[in-house]
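>>> Below are the sequence and a predicted model; questions follow.
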Amino acid sequence: MLKALTVCALGLVVMGCAHRAEVGSTSGAHEVRRDRVQNTKAYVAISGDLANFERVVKPGYLCGAHTYPVAVGPALKTSIVRTVGAAHSSVIAVTSAAEAGKDGVLYTFSLDDFNPRLRFQQGFFTHTADASVELSLKTTAISKDGKELATTTVRGFGQESVDGACPAGAEALSRSTEKAVRVTLENFVSRVINQRLE
């Protein structure tokens, strides 16, 4: 019996585990200028590849048998809606630009790049998980009469370190991804909402 348990434990060490990085919703709403808040409707079209996007991160040698899935898509979707909602009285999320009505501004979002990295540093008593995330989104704003108001790519970066064993990598990735999303949306507000002229 002891031999069987030892073999099982060794199998788990070799195979490793998947540690899911849970990414929370955030917002760039605090960057919206008061004179850009409108009593109007807005539509948000988030491409399917972005809304459901997930990437699996592999660390280096330390904790190399483990994987770290990062499902950033759902958090991005709710974060974008929250951010746009700070500038408009109501926001309707649609799955494509064709579904948007003609009674409000349409914002479209698609993924340009998502680059998460994770490395572990050996400490005296424990590891340190160092995570960094680069995110960039392509976005457009189109007026209700079909005029292009803005087209740009917005970017954000997040970095975080967490002490602990291999599962700490998921927390480091979660925090750094949330920072990258927030900074990206702050840049969206600065470059699109606060600059937009109708």
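Structure's in. What do you need?
>>> If you count neighbours, what's buried in the top strand by length along the chain?
Criterion DSSP state E: the longest strand present in the chain is strand 104-122. For strand 104-122, a neighbour-count test (16 or more other Cβ atoms under 10 Å) marks 104-111, 114, 116-120 as buried. C-betas here are computed from N, CA, C, even on glycine.
>>> Which pLDDT does the model give Met15?
For Met15, the pLDDT comes out at 55.
>>> Check which residues of the longest helix anywhere in the chain are buried.
Using DSSP state H, we find that the single longest helix of the chain is helix 168-188. Buried residues in helix 168-188, defined by neighbour count with 16+ other Cβ under 10 Å: 168-188.
>>> What ranges in this structure fall below the confidence cut-off?
1-15, 196-198 (pLDDT under 70).
>>> If we use 90, what do you get?
Applying pLDDT under 90 to the chain flags residues 1-16, 48-52, 60-62, 64-65, 95-97, 101, 122-127, 195-198.
>>> Show me where it has its helices.
Along the chain, counting by DSSP H, helices occupy 2-15, 48-51, 73-85, 168-188.
>>> Report all helices and strands that the second one contacts.
Contact partners of helix 48-51 among helices and strands, from 3 or more Cβ pairs under 8 Å, 6 or more residues apart in numbering; DSSP states H and E: helix 73-85, strand 104-122.
>>> For the shortest one, C-alpha coordinates in PDB please.
Presented in PDB, the C-alpha positions along helix 73-85 are these (Å, rounded to 0.1, in the frame of the first residue of the first chain):
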ATOM      1  CA  GLY A  73     -11.700  37.000 -22.000                       C
ATOM      2  CA  PRO A  74     -14.600  37.100 -19.500                       C
ATOM      3  CA  ALA A  75     -12.900  39.700 -17.300                       C
ATOM      4  CA  LEU A  76     -12.100  41.800 -20.300                       C
ATOM      5  CA  LYS A  77     -15.700  41.800 -21.500                       C
ATOM      6  CA  THR A  78     -17.100  43.000 -18.100                       C
ATOM      7  CA  SER A  79     -14.300  45.500 -17.600                       C
ATOM      8  CA  ILE A  80     -14.900  47.000 -21.100                       C
ATOM      9  CA  VAL A  81     -18.600  47.400 -20.400                       C
ATOM     10  CA  ARG A  82     -18.000  49.000 -17.000                       C
ATOM     11  CA  THR A  83     -15.500  51.400 -18.500                       C
ATOM     12  CA  VAL A  84     -17.800  52.500 -21.400                       C
ATOM     13  CA  GLY A  85     -20.600  52.700 -18.900                       C
END
